[in-house]
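Colleague: let me see the structure of the following:
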Amino acid sequence: MDKPAADPKVKIRRPVEEDWPRMMEVLEGANFHHIGGPEMPSFPLSDCFVAELDGVVIGVGGYRILDATTAKTTLLAVDPAYRGHNVGAALQQTRQDYLRDQGIKELYTNADDERVVAWYERNFGYQPTGKRIPKVAPFGRSDKDEWINLVTKL
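Modeller: As a prediction, the model looks like this:
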C-alpha cells in the first residue's frame, strides 16, 4: 500500500515542552484539547509526535502502548490550514513505524467521523472491529456520541 507523502519541508519529530501551547491550539481545531478530562485523562509528550513546518507545529499525533504487542492511537490533529497536504498521513506513518519497531503487532484507533474511518481504511489497512464506544464527554465531533473502533496489523 503506497502511503501519501507530506511536503518534504514538513519535519516529524518528538515534541518538547515549549511546543505544548501550539500543540493545544492544533488539538483545539479538532475539539481534542480537553486534556485531563474523562475522554483524554493525559497526553504525555513522550507518547506523541509533532509535524513542524518552518518552525511552527502544524500537526500532532499520539499513541499509548497497552501491552507488549498492542497499542492504541490517541489523538491525531492537523492545523486546518494544512489539512489535505498529507501531514496527518506522515504523522500516522511515523506512529506506526515507531510502534512496529517496539514490537507492536496490533494498533487500535477510534474515530467519530466516517470520512476519517475511510481514510484509515484506505491508507493504513484498518478494519472496523464492530465495537462502538460511547463518548463520556464532549470531544471530537459534537454531533456524534460514540467512537467507531478500528484495528490494523503492523
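Colleague: how about residue 59, phi and psi?
Modeller: Per-residue torsions, residue 59: phi -160, psi 160 (degrees, to the nearest 10).
Colleague: thought it was touching residue 91?
Modeller: Yes: counting by Cβ atoms under 8 Å, residue 59 touches residue 91, with 5.3 Å between them. For the C-beta atoms, the positions are set from N, CA and C on the backbone; glycine is no exception.
Colleague: overlap in contacts of these two?
Modeller: 50, 51, 76, 78 (Cβ atoms under 8 Å, 6 or more residues apart in numbering).
Colleague: who wins for neighbours among the residues you listed?
Modeller: residue 51 (27 neighbours; other Cβ atoms under 10 Å).
Colleague: look at it and give its secondary structure.
Modeller: Per DSSP: H, G, I helix; E, B strand; the rest coil, the secondary structure class of residue 51 is strand.
Colleague: where does it land on pLDDT?
Modeller: Reported pLDDT at residue 51 in the predicted model: 97.
Colleague: who's in contact with it?
Modeller: 6, 10-12, 57-61, 78, 82, 87, 90-91.
Colleague: the closest residue to it other than its chain neighbours bridge partners, please.
Modeller: Ranked by Cβ to Cβ, 6 or more residues apart in numbering and with sequence neighbours excluded, the top spatial neighbour of residue 51 is residue 59, at 3.5 Å. Applying DSSP bridges to residue 59 yields these beta-bridge partners: residue 51, residue 78.
Colleague: what sits against residue 59?
Modeller: 26, 50, 51, 76, 77, 78, 79, 82, 87, 88, 90, 91.
Colleague: do that again at 7 Å, thanks
Modeller: 26, 50, 51, 77, 78, 79, 82, 87, 88, 91 (Cβ atoms under 7 Å, 6 or more residues apart in numbering).
Colleague: what ranges does the protein have for its strands?
Modeller: 11-13, 48-53, 56-65, 70-78, 106-111, 127-134, 146-153 (DSSP state E).
Colleague: quick one, which of those strands is nearest to residue 99?
Modeller: strand 70-78 (5.0 Å; Cβ to Cβ).
Colleague: ok, residue 70 - how many residues close by?
Modeller: Residue 70: 15 neighbours (other Cβ under 10 Å).
Colleague: where's it relative to residue 40, distance?
Modeller: Counting by Cβ to Cβ, to the nearest Å, the gap from residue 70 to residue 40 is 19 Å.
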